[in-house]
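**Student:** curious how this folds, go ahead:
(chains A, B and C)
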Amino acid sequence: MADDIDIRIRVNGLPRRATVPPRLTLADFLRVNCGLTGTHLGCEHGVCGACTVLLDREAVRACLVFAVQADGSDVTTVEGIASPDGELSVVQAAFREHHGLQCGFCTPGFVVSVTAFLAENPKPTDEEIRAALSGNLCRCTGYQGIVNAVRAAADREDSV
Amino acid sequence: MAPYTGTRTPRVEDPRLLTGTGTYVDDVVRPGMLHACFVRSPVARARIAAIDVSEALRLDGVHAVFVAQDLNSGVHEQWYTLNGPEDPDTPRPPLAADEVRFVGDPVAMVVAVDRYRAEDAAELVVVDYDELPPVVDYATALESTESVHATHPGNLVGELAGRPMEELAPVFEDAPHVVGVTIRQQAYCPVPLETRGIVAEWSAPAGEMTVWAATQSPHEVRSFCARLLGVDEHRVRVVMRDTGGGFGQKVLPQREDMCVLLAAAKLPAALKWIEDRQEHLMAAGQARHEHGEARLALDDEGRILAATLDHVQDAGAYPTPSPVQSGLAVGLLFPGPYRIPQGTFRSRFVFSNTSGRVAYRGPWQFESMAREVLLDTAARRIGMDPVELRRRNMLRREDLPTANFNGMPYDHITPYETFEQALEMLDCPAFRREQEQARAQGRYLGLGTCTYVEPTAGATPFHGTEGATIRIEPSGKVNVYVAGGSCGNSLETTVVQLTADALGAAIEDVSTIQGDTALTPYGAGTGGSRSGPMTAGAIAETAAGLRDRILAIAGHRLEVAVEKLELTGSRASVTGDPEKSLTLAEIADIAYFQPHAMPPGVPAGLEASGRYRSPHLMIWANATHLCTCEVDIVTGGVKLLRYIVSEDCGPMINPSVVEGQIYGGTVQGIGGALYEHLAYDEDGNPLATTFMDYLLPTATEVPVIELGHIETPSPGPGGHKGVGEGGAIGSAPAIVNAVADALAPLGVEIGRLPLTPASIVELVEQAGVMTP
Amino acid sequence: MKPAAFEYHAPTSAEETVALLAELGDEGKTIAGGQSLVPMLALRLATFGHLVDLRRVHELRGIEQRDGTVRIGATTTQATLQRSEDIRDLVPLLARATPLIGHFQIRSRGTVGGSLAHADAAAEYPAVALTLDAELEALSVRGRRTIPAARFLTGTWTTALAEDELLTAVTFPVWRRPRGFAIEEFARRSGDFALAGAAVAVGLDAGGRVDRCAIGLFGLGPSACRAHTAEAGTMGREPAEDMADDIGRQALADLDSIPSDLHGSAGYRKRVGAAMVARAWRRAVREAVHG
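**Tutor:** Next comes the predicted model:
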């Protein structure tokens, strides 16, 4: 069995230290070691996007990163998107207002992806929105409410 | 007055789901919990010669490795409440005992300290297989000399039929036009984004089992578990909070669930199994795999004289449950919303060495696929616009009530209205002009429709009743308890809306508890598009008595007649004198703590249970799907241009929820028509076991979906109709028809699905068009 | 779906990395972004005793201009390339290929070197490197060498890199104007690997005739390849959009190992490949002529 490795990762602003096997994915580290079960596993091979988190502010698939590779990094999960008092972020509120979620399983990945996308491209075209969303699979909403939510969040962030 | 029903009330589920604080089965952690991983067959059919688990057991962190001999004999009773004990069922052993019957068939179950170690150990289990010739293609399985199950030589699970086909022969012989098509639909996989999963924890001293499951029906899981283990039903508790999509796939526990339940009773700690995506695509089940020969006899004016369907469906190796009873709906519904004086059907259900059939959103969808493709083909062959053919034959309001040629009684439906509304939303004549201009430029545009009627909230023994308990707490806050099983169906929001209205409570005062068999009334869960009408019935039944009590207490205290009171915003006030009022909290305080102040004959407390029994065999809903597309005949790519659904689900409880159900179902049908294919090679190897090959539509493949509503109340509670499944019924046939319409000038007819780019190019090439 | 166990190394210099690779032999595998490797590990299609992570080898990252070329460090991410104005101006074909790779969450980890070294037959970067005659730099304890893209891609998921060699950078020549570039691909869904794809680069002389032409094909063989005969046929000619279909047909004519799978037969891919070449040719020529 391979040697475990010491890592330090800042998760949602909190420093975490752990000793982990190298093969432990960042997704499993967050879910099991940190108890942050909002990061969901929908395929574990990098297609569905349910496990998307921010790694040093960039959206990544947490199933395609080993926890040891995130040593020294900053990670934001869906649990770190709303404000500490529970107020939903602009993106989260827009998803709620526009029925952008049903079963909620894919939702954390969408919320994190859209948060990263709008940070980089605050005034997207509709086509850019759909392209950005194409890295996350949803089986419930038919994407209609999600596209509308992102449009609304972008328009709202724009006006601020 | 109903201030909440009919409004876009924001969902009560959302705050937890948007912040990652929901509780799905994989989020459940128990002390010392162990993890399961299945060893699965790599071949489609083989005799198991030997299994050697010794090396796996030697691995650090491995607790146990179970094979069939360890688990299968533990089965006491095995049947689903949905079907009852008397229905003929198909084989369903927990682990494969003597023979493996599809790639993915579970042969052994490893239990280890975590999933990583369990997978390491699974690789070390050595199974010797003596390969046998597999029966891969269900369509030829009836003629095969090989049998998937020795108990079923010829591989026939069962057969159902209407009146004998021969009786229709004279009509077809004499008809001016006879059109026949054979449609072959591919296997889909329901693919909820959350895979299957279960945690089972046995308490030996108490003789109690606690189960956390990803399920649409916690009470079905509980009853099933109790029978399986021979434990009393009240010793089993099943909990589900959030389930990540079901779509029919999660209505019933399957073989892996049986293994976990049986093994948990032998283990010192809870056992968790979370299916991975590869297992899901190999073994969680298939749907929609069937074909049919559909025939239509028409008169000179294009009026339908008769229709028949000869239908064959793939059951896979281990269907859940037996497909025969639910498969009957394909034939019964085949006539759809058309005036068809006579007709019949035959359905055969056939085993194959592939993943077993499971329920999937509109399990009878093939009736629409066969009928609607047949209608378009017929229209083209007799030189009539498919729109016109439908107008001449579709049921109109004045035809109702009526029954189709199989005796299905239709009423409260509006197929013709939805059809015309969808065409008007499109501006059909404008599209036909655009299509003609495009054709002149060598571009291929098409229009397709599908109109269907759908039975919802069917009153089978399991589904025909539903319970609710409402407890108004001493503080005046309201808790409503229903069985639950919501997998994205927004059932919590729905129940809160309905209860607030039924009690005149402010919506923020109402909460709901669902999905825990220890707390909630018994109920069948989500499935069969039943939750809207059935919970509306349960809540109305339960709230009515409570409302009377509330008003009686208030009238007594305020010294006014009950008729003079109105109940709204959690307050009972005297009509015309709003100053004179009592809050729900004040009334509850009387009910619980001031029994002396109660009016005579009114019981103390404010808690009630009720159970709605549906007097309706089913509640009909209906819709028309319409889409336009452009086909690139060089690449075979299909671009959907406009997508319109006009539906009638009666008065909506929450328009956002209704629309979400329609959108989601529609996109599953888009996936089925164009992308998804649970394919096997000729040796029975699955070819789509990852999301790189099983292609779900993404936001870039899906057009804007436009909705139109026609509202005809049903005779059921609140006039509501079910709306969960319809989207997934109407969409694939509409798309197939649109593509066929686009390619019609090339002489193309479609008989095989899905419409992949490669298959479209093949059709175009076969039609003899020069390739550029 | 969990990977098998491995030992983990995170060296801090290229020198240290190649020493490790020399020591580990076929037990060692470098990991950069891991966007192709980790799925294979998760599915246990591949197992390695040791993973050598390049994340701390900072010298492998960055984009720099050098005498008419652009040199890109191997672990520079696809997202970085997508944001780079230099890449957009100097190597437009690379810039246009980048958004076609997977999805943005993949490109934030995926690296240029990883994509080249993985050498998937349907991937965009190997085809772009081949089309633009890029040069790849490899380092080992035995020394440093430069490998032309044409010799780098050797077959299905195989390259000229030796077991102990580390891909450190790729250098793209900057084409002088007037020139035009285009990349076209057809995939089942956006972000999927292409069923067939083509990259076209066209340079014109002072008289407006083709003096440089490169056509790269991907998804159409064991690895990306060039359509040399079709390229040669365009030399010295006035570029016309109506040559496109002929060029497309010619480009695909000699291919004899086009893959076939669930998503399309070899014949289908050939047809689509020809159409992609034609479409790319039209766009590249339009750009070369009209700027």
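**Student:** for residue B:358, give me phi and psi.
**Tutor:** With angles defined as degrees, to the nearest 10, residue B:358 sits at phi -130, psi 170.
**Student:** tell me the bridge partners for it.
**Tutor:** residue B:320 (DSSP bridges).
**Student:** isn't it up against residue B:284?
**Tutor:** Yes: using C-beta atoms under 8 Å, residue B:358 is in contact with residue B:284, at 7.2 Å. C-beta here means a position set from N, CA and C on the backbone, and glycine is covered the same way.
**Student:** give the residues shared as contacts by the two.
**Tutor:** Listed as contacting both residue B:358 and residue B:284 by C-beta atoms under 8 Å, 6 or more residues apart in numbering or on different chains are B:190, B:249, B:254.
**Student:** how distant is stretch B:550-557 from the center of its chain?
**Tutor:** 44 Å (C-alpha atoms, centre = their mean, to the nearest Å).
**Student:** check the gap between the residue in the stretch 101-250 of chain C positioned nearest to chain B and residue B:701 for me.
**Tutor:** Nearest to chain B, among the residues of the stretch 101-250 of chain C, is residue C:190, at 4.1 Å (C-beta to the nearest C-beta). From residue C:190 across to residue B:701, the span is 7 Å (C-beta to C-beta, to the nearest Å).
**Student:** list the contacts of the helix or strand of chain A with the lowest mean pLDDT.
**Tutor:** When the helices and strands of chain A are compared on mean pLDDT, DSSP states H and E, helix A:144-159 comes out lowest with a mean of 90. Contact with helix A:144-159 is made by A:90-91, A:93-95, A:97-101, A:110, A:114, A:117-118, A:122-124, A:126, A:129-130, A:132-133, A:138, B:656, B:659-660, B:663, B:699, B:702, B:704-705, as judged by C-beta under 8 Å, 6+ apart.
**Student:** which among the residues you listed end up buried?
**Tutor:** A:90-91, A:93-95, A:97-101, A:110, A:114, A:117-118, A:124, A:129-130, A:132-133, A:138, B:656, B:659-660, B:663, B:699, B:702, B:705 (16 or more other C-beta atoms under 10 Å in any protein chain shown).
**Student:** near chain C too, which of these?
**Tutor:** Restricting the buried ones among the contacts of helix A:144-159 to those touching chain C (C-beta under 8 Å from any C-beta of the partner chain) yields A:117, A:132.
**Student:** what's near enough to touch whichever residue of the stretch 1-150 of chain B sits closest to chain C?
**Tutor:** Using C-beta to the nearest C-beta, residue B:116 is the residue of the stretch 1-150 of chain B that sits closest to chain C, at 4.4 Å. By C-beta under 8 Å, 6+ apart, the contact list for residue B:116 reads A:21, A:23-24, C:2-3, C:5.
**Student:** so which residue of chain A comes closest to chain B?
**Tutor:** residue A:38 (1.7 Å).
**Student:** wait, what's in contact with the closest residue to chain A within the stretch 1-150 of chain B?
**Tutor:** As assessed by C-beta to the nearest C-beta, chain A sits closest to residue B:20 within the stretch 1-150 of chain B, at 1.7 Å. Contacts for residue B:20 (C-beta under 8 Å, 6+ apart) come out as A:36-39, A:77-79, A:108.
**Student:** most neighbours out of the residues you listed, which is it?
**Tutor:** Highest neighbour count within those: residue A:108, with 31 neighbours (other C-beta atoms under 10 Å in any protein chain shown).
**Student:** roughly how far apart are it and residue A:81?
**Tutor:** From residue A:108 to residue A:81 the distance is 9 Å (C-beta to C-beta).
**Student:** and residue B:148, by the same measure?
**Tutor:** 50 Å.
**Student:** what about these two, which has more around it?
**Tutor:** residue B:148 (28 against 22).
**Student:** what's the closest non-adjacent residue to that one?
**Tutor:** Excluding the flanking residues, the one nearest residue B:148 by C-beta to C-beta, 6 or more residues apart in numbering or on different chains is residue B:351, at 3.8 Å.
**Student:** wait, the one you found touches residue B:155, no?
**Tutor:** Yes: in this structure, residue B:351 is within contact of residue B:155 by C-beta under 8 Å, at 4.4 Å.
**Student:** between those two, who's got more neighbours?
**Tutor:** Higher neighbour count among residue B:351 and residue B:155: residue B:351, with 31 against 23, using other C-beta under 10 Å.
**Student:** and the more buried one, backbone torsions?
**Tutor:** phi -70, psi 150.
**Student:** need the contact list for it.
**Tutor:** B:90, B:135, B:138, B:141, B:147-149, B:152, B:155-157, B:315-317.
**Student:** how many other residues sit next to the closest residue to chain A within the stretch 101-250 of chain C?
**Tutor:** With C-beta to the nearest C-beta, the shortest gap between the stretch 101-250 of chain C and chain A falls at residue C:103, namely 2.7 Å. Using other C-beta under 10 Å, residue C:103 has 24 neighbouring residues.
**Student:** pLDDT score assigned to the residue lying closest to residue B:377 once chain neighbours are set aside?
**Tutor:** Of all residues not flanking residue B:377 in the chain, residue B:181 sits nearest, at 4.9 Å (C-beta to C-beta, 6+ apart). Here the pLDDT value assigned to residue B:181 is 98.
**Student:** now do the SS call for residue B:181.
**Tutor:** Using DSSP: H, G, I helix; E, B strand; the rest coil, the secondary structure recorded for residue B:181 is strand.
**Student:** my guess is it contacts residue B:294. True?
**Tutor:** Yes: judged on C-beta under 8 Å, residue B:181 makes contact with residue B:294 at a distance of 5.6 Å.
**Student:** more crowded one of these two?
**Tutor:** residue B:294 (27 against 20).
**Student:** tell me what that one is bridged to.
**Tutor:** For residue B:294, the beta-bridge partners under DSSP bridges are residue B:181, residue B:309.
**Student:** you'd agree residue B:232 is up against residue B:226?
**Tutor:** Yes: using C-beta under 8 Å, residue B:232 is in contact with residue B:226, at 6.5 Å.
**Student:** who has more neighbours, those two?
**Tutor:** Legend: neighbour count by other C-beta under 10 Å for residue B:232 and residue B:226, higher for residue B:226 (20 against 10).
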